[in-house]
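A.B. asks: Task: produce atomic coordinates for the following.
(one chain, ligands or ions: 1)
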Amino acid sequence: MCYNLSIFFNKGEMMCIFCKIVDGEIPSNKVLENDDFIAFHDLYPKAPIHILIIPKEHVDCFQDVSVDTMSKMTPFIQEVATLIGVDKSGYRLITNNGVDGGQEIGHLHFHLLGGGKLMWNHLHEDNRKSI
Ligand code: ZN
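C.D. replies: Okay, the predicted model is just below:
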């Protein structure tokens, strides 16, 4: 269970930005969609290609995802990589889990980054516990 993430309650209504994208309440620049998953371009890309891949069913975080969902999500992600042409050149796949993992939206999502040689920068804040 991932605590303190972005399931906010507003006037008794659950608000999750990715569930709203799934429902079509918030538009997204879709790359691929099937019955279970959606892939769409990140609004704030960190690389020439930055795609977010989410399950349509709300799952808080990677720690909570089922084997069944991941068994379907893996080939979907591979299909996205092939579709956008980074399956041969390479890409980075990231999921941030929970607060210390840097997860900003409390709905499981994978970042697929590519389109150029990616760097691997210092990954933790100096004033926090070392890892
Ligand atoms: Zn959600």
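
A.B. asks: from here on, contacts and neighbour counts on C-alpha atoms
C.D. replies: OK.

A.B. asks: how much space is there between V22 and P75?
C.D. replies: 19 Å (CA to CA, to the nearest Å).

A.B. asks: Of these two, which one has the most company?
C.D. replies: Between V22 and P75, counted using other CA atoms under 10 Å, V22 has the larger neighbour count: 21 against 11.

A.B. asks: Now do the same contact list for that one.
C.D. replies: I38, K56 (CA atoms under 8 Å, 6 or more residues apart in numbering).

A.B. asks: For the ion, see how far away N97 is.
C.D. replies: 15 Å (CA to the ion, to the nearest Å).

A.B. asks: shouldn't that residue be in contact with I105?
C.D. replies: No: counting by CA atoms under 8 Å, N97 stays clear of I105, with 9.9 Å between them.

A.B. asks: quick one, which of these two is more surrounded?
C.D. replies: N97 (22 against 19).

A.B. asks: for the record, mean pLDDT for the lengthiest strand in the chain?
C.D. replies: Longest strand of the chain, by residue count under DSSP state E: strand 49-55. The average pLDDT for strand 49-55 rounds to 98.

A.B. asks: Same check on stretch 66-80?
C.D. replies: Stretch 66-80 comes out at a mean pLDDT of 98.

A.B. asks: helix/strand/coil for L113?
C.D. replies: strand (DSSP: H, G, I helix; E, B strand; the rest coil).

A.B. asks: near the ion, which residues of the protein show up?
C.D. replies: C16, F18, C19, H58, H107 (CA under 5 Å from the ion).

A.B. asks: Quick check: phi and psi at the last one.
C.D. replies: The phi/psi pair for H107 (degrees, to the nearest 10) reads phi -140, psi 120.

A.B. asks: what's the distance between it and N121?
C.D. replies: Distance from H107 to N121, by CA to CA: 25 Å.

A.B. asks: Now H50: closest residue in space that isn't a chain neighbour?
C.D. replies: Excluding the flanking residues, the one nearest H50 by CA to CA, 6 or more residues apart in numbering is L113, at 4.6 Å.
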